[in-house]
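Q: Attaching a predicted model along with its sequence, questions to come.
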Amino acid sequence: VCASAASLAFAEFPDKPITLVVPFAAGGPTDKIARDLAEALRKPLGQTIIVDNAIGAGGTIGSAKVARSAPDGYTLLVNHIGMATAPALYRKLSYKVPDDFETLGLINEAPSVVIGKPTLAANNFAELRQWIAANGRKVNIANAGLGSASHLCGLMLQSALKTTMTSVPYKGTAPAMTDLIGGQVDLMCEQAVNAVPQIEGKKVKSYGITSLQRLSLPALKDTSTLSESGLKDFNVQVWHGLYAPKGTPAPVLAKLNSALLAALKDPELIKREEALGLTVVTDERLDPVNHRKFVEAEKNRWAKVIKEAGEYAD
Ligand code: MLT
């Protein structure tokens, strides 16, 4: 087949709805992002995007589903940082990262907030740090399960503080948050989108932003970053990316990538993402080659932290 015939064969792409697999529960941050993106992709692609929540095992079930799908551009994946951390967290992973995927680009970055139970005496990060140093393993840090955003952030926090606390895994963010509010656990490091309503309701205390920049959300605009508060260069963000199965034809990938670029410039999408405390990426990190390099770098950075902590599934 000559090149022009090959591209002609894909000229009609997409001529039917596209399925966007979300490996986390409906209503959670990744799901919200995927649904907003699906809406914004509709115009540049001229097709409906159907969101399919294939949940479980820290996002690895949905990711495996996409890795095994036909590489025709009609099944895509939105995943969070778990794309890069799964190989260290799940020793028996059925897919390779990033080799079993085509990386379409980074979508956004989602900073987290260190939050504490309402009765904690510490009033700022410096005081919290002293209290953690004095109490070590007696400090209970909640998370939404192995490989969740809160689990990863908690591991990085312990590594940066050179302290081991007690990780308390829950089956999702909601029960973890309920116990934090009730004081059964002391701390959690949760994505801004989930933490903000609790901070606004004064149900939890906030101690710092995990990205290098502060957030402009009203509830957090006066909250310092951990880096400003003495944990220099601390930077944990739950980024999201868009992926296709490995072997998807280049003309299809090119169409999907330019649709992604167009979607991320959509003012409505930007507004919605900012309201969730997310920063939409509009720079060179949207480039598939750069995103692949980024996934590899994150994979290496987190593998060390996960191994040190010894918190992974056999
Ligand atoms: C989600 O997007 O549903 C959550 O980020 C899952 C998680 O906490 O990792």
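A: Sure thing, it's come through. Nothing here was measured: the structure is a model prediction, and the numbers come from that model. Residues are numbered from 1 along each chain as shown.
Q: Report the contact partners of the residue lying closest to residue 231 once chain neighbours are set aside.
A: Closest residue in space to residue 231, ignoring its immediate chain neighbours: residue 160 at 5.4 Å, by CB to CB, 6 or more residues apart in numbering. Every residue, glycine included, has its C-beta placed from N, CA and C. Going by CB atoms under 8 Å, 6 or more residues apart in numbering, residue 160 touches 226, 231, 234.
Q: and those residues as TSV, adding neighbour count and pLDDT?
A: Shown next, in TSV, are these (neighbours: other CB atoms under 10 Å; pLDDT from 0 to 100):
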residue	neighbour count	pLDDT
226	27	98
231	18	96
234	22	97
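Q: picking up where we left off before, can you give me the distance of the residue nearest to residue 231 to the ligand?
A: 19 Å (CB to the nearest ligand atom, to the nearest Å).
Q: cool, and residue 188?
A: Taking CB to the nearest ligand atom, one finds residue 188 at 11 Å from the ligand.
Q: where does that residue land in three-state SS?
A: strand (DSSP: H, G, I helix; E, B strand; the rest coil).
Q: Neighbours of it, how many?
A: Applying other CB atoms under 10 Å, we find 31 residues neighbouring residue 188.
Q: and it, bridged to which residues?
A: residue 115, residue 142 (DSSP bridges).
Q: so it touches residue 176, yeah?
A: Yes. Proximity of residue 188 to residue 176 meets the contact threshold set by CB atoms under 8 Å, at 6.1 Å.
Q: between the two, what contacts are shared?
A: 142, 143, 150.
Q: So for the last one, what's the pLDDT?
A: It refers to residue 150. We note a pLDDT of 97 for residue 150 in this prediction.
Q: list the contacts for it?
A: Applying CB under 8 Å, 6+ apart, the residues near residue 150 are 112, 142, 143, 144, 173, 176, 188, 189, 190, 191.
Q: Run a quick neighbour tally on the residue nearest to it when sequence neighbours are not counted.
A: Excluding its sequence neighbours, the residue lying closest to residue 150 (CB to CB, 6+ apart) is residue 143, at 4.2 Å. Around residue 143 there are 26 other residues, counting by other CB under 10 Å.
Q: And the one 3 residues further on, by the same measure?
A: Applying other CB under 10 Å, we find 18 other residues in the vicinity of residue 146.
Q: which residues does it contact?
A: So residue 146 contacts 58, 89, 169, 311, 312, 313 (CB under 8 Å, 6+ apart).
Q: secondary structure class for the fourth one?
A: Spelled out, it's residue 311. coil.
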